[in-house]
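S.K.: how would this look folded up:
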Amino acid sequence: MPVTEAERTALPLAASYLIQQDWPAYSAEQHAIWSELTRRRMAQLQEHACAEYLEGMDTLQIQLDQMPDFARINTLLTPRTGWQLTAVSGFMPGEAFFEMLAARQFPTTTWIRSRDSLDYTPEPDIFHDVFGHVPMHAHPVFADFLQQYGEVCLGLTGSPEKLERIGRLFWYTVEFGVIRQNGRLKLYGSGLISSHGESNYVLRAESGDGGPEIRDFNLDQVLGQEFLVSEMQKVLYAIDSFEQIYEAAHEAERRQKEFDAQRAGLEAEAAENDLTRARRDAAAAELASALVPGDACPVCGSREHPGGAHQAKALTIAMAERAVAATKRAVKAAEQALADATRAAAMACVASPKM
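M.R.: Below you'll find the predicted structure:
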């Protein structure tokens, strides 16, 4: 069944990447690879994954012996948290990805790695996306957090630096998140859930045999902690509950709005000052251009005007040019304010209500 026009209209930024999963087309070999990958990981995850991940596996009835069927999983997932798996053709640009998260549609690839790449594939496949991510989407608080993250990022698509900074929140939670439960370190990030090597490395920290430094979750530290995708993580941040990251996403949004409001206020003040100076300059220029040799200046009373008409004309032109420039800056500030408001309205339309 092809992607409908309504589906494309609802996600204009992601529309060109939407496809349909053709579940009957999977081969016996692909089902076998899925089964080998999931069974190998579940042997470790039964002990080391967080309780919410294991509950999600059970709730969504994700099978270990055959490839996941998105339509079947959605019948269980969507009524629970409003999320759904939506098939995509592959890698997506950030704005399209964030649009889907804000709409509670998780972009999910349909291909699976080959047998000679069981341990690692540089591009996320269906195993990473479904087995690694989706069980956590059945947890209401985590589900709300993920949508909130998408909304925040969708509003920052014009600022690469801000996106890079807040992207660290995604990295140290959704991808490489750990949580303390019953006195032990448990895994919930998809990069750990789906990778035997990554998870073994992290679990060494719990046993005191190396591994990454495990710090208490701190939003400021997370946003400032750089990382390399190509290396094992040197630092991870452990939460005590999923409410922590839900509140962190809201706090990140609050800070960004506060920063934007302060910036807009400063720009508006600067524009107002520019216009005030421009009006003063224009008045002075008009006065200077009207001066007649021998006549008294209406301001100072002097009958001598050293600059003469020529200088007055030049001054008039210069002041007029400054006035035009000030007006342009004021218009630009107003246009930016309108763009920010429009983007905020679009985000509100894209995002579905929280459940």
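S.K.: can you give me the helices for the stretch 1-150 of the chain?
M.R.: 5-10, 28-48, 51-59, 70-81, 94-102, 126, 140-154 (DSSP state H, counting those that start in this stretch).
S.K.: need those helices in CSV (columns: mean neighbour count).
M.R.: Every C-beta, even on glycine, is put in place using the N, C-alpha and C of the backbone. Shown next, in CSV, are the helices of the stretch 1-150 of the chain (neighbours: other CB atoms under 10 Å):
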stretch, mean neighbour count
helix 5-10, 12
helix 28-48, 16
helix 51-59, 18
helix 70-81, 17
helix 94-102, 22
helix 126, 24
helix 140-154, 23
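S.K.: which pLDDT value goes with residue 120?
M.R.: pLDDT recorded at residue 120 is 84.
S.K.: now do the contacts for it.
M.R.: By CB atoms under 8 Å, 6 or more residues apart in numbering, the contact set of residue 120 is 195, 197.
S.K.: 10 Å instead, please
M.R.: For residue 120, the contacting residues are 113, 195-198, by CB atoms under 10 Å, 6 or more residues apart in numbering.
S.K.: quick check on the residues you listed: which are buried?
M.R.: Neighbour counting by 16 or more other CB atoms under 10 Å classes 113, 195-196, 198 among the contacts of residue 120 as buried.
S.K.: nearest to residue 164, of those?
M.R.: Closest approach between the buried ones among the contacts of residue 120 and residue 164, by CB to CB: residue 198, at 22.0 Å.
S.K.: next up, the contacts around the most centrally placed residue in the chain.
M.R.: Centroid check for the chain by CA atoms, centre = their mean gives residue 153 as the closest residue, at 2.8 Å. By CB under 10 Å, 6+ apart, the contact set of residue 153 is 94-95, 97-99, 101-102, 162-163, 166-167, 169-170, 249, 252-253, 347.
S.K.: so what pairs up with the closest residue in space to residue 105 that isn't next to it in sequence in the strands?
M.R.: Closest residue to residue 105 apart from its sequence neighbours, by CB to CB, 6 or more residues apart in numbering: residue 86 at 4.2 Å. Judged by DSSP bridges, the bridge partners of residue 86 are residue 107.
S.K.: state the pLDDT value of residue 86.
M.R.: Residue 86 carries a pLDDT score of 97 in this model.
S.K.: if we can go back for a sec, redo the contacts of residue 120 as a markdown table? Include distance to residue 39, pLDDT and secondary structure.
M.R.: Supplementary listing: the contacts of residue 120 in a markdown table, determined by distance: CB to CB, whole Å; pLDDT from 0 to 100; DSSP: H, G, I helix; E, B strand; the rest coil:
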| residue | distance to residue 39 | pLDDT | secondary structure |
| --- | --- | --- | --- |
| 113 | 15 | 96 | coil |
| 195 | 15 | 94 | coil |
| 196 | 12 | 91 | helix |
| 197 | 17 | 92 | helix |
| 198 | 18 | 93 | helix |
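S.K.: next, format the residues you listed as CSV and append distance to residue 134.
M.R.: CSV is the format used below for these (distance: CB to CB, whole Å):
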residue, distance to residue 134
113, 17
195, 16
196, 19
197, 21
198, 18
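S.K.: nearest to residue 46, of those?
M.R.: Distances from residue 46 to the contacts of residue 120, taken by CB to CB, are shortest for residue 196, at 13.9 Å.
S.K.: which helix or strand contains residue 227?
M.R.: For residue 227, there is no enclosing helix or strand under DSSP states H and E.
S.K.: which one is it nearest to, not counting chain neighbours?
M.R.: Using CB to CB, 6+ apart and skipping residues adjacent in sequence, the residue nearest residue 227 is residue 171, 5.9 Å away.
S.K.: could you chop the protein up by domain?
M.R.: With domains defined by automatic domain parsing, the chain comprises 1-138, 266-350.
S.K.: lowest average confidence across those, which one?
M.R.: Among the domains of the chain, domain 266-350 has the lowest mean pLDDT, at a mean of 61.
S.K.: the closest residue to residue 99 other than its chain neighbours: neighbouring residues, count only.
M.R.: Once flanking residues are discounted, residue 99 sits nearest to residue 13: 4.4 Å by CB to CB, 6+ apart. Neighbourhood size, residue 13 [other CB atoms under 10 Å]: 19.
S.K.: repeat for residue 247
M.R.: The burial count for residue 247: 15, using other CB under 10 Å.
S.K.: what of residue 215?
M.R.: So residue 215, with other CB under 10 Å, has 14 neighbours.
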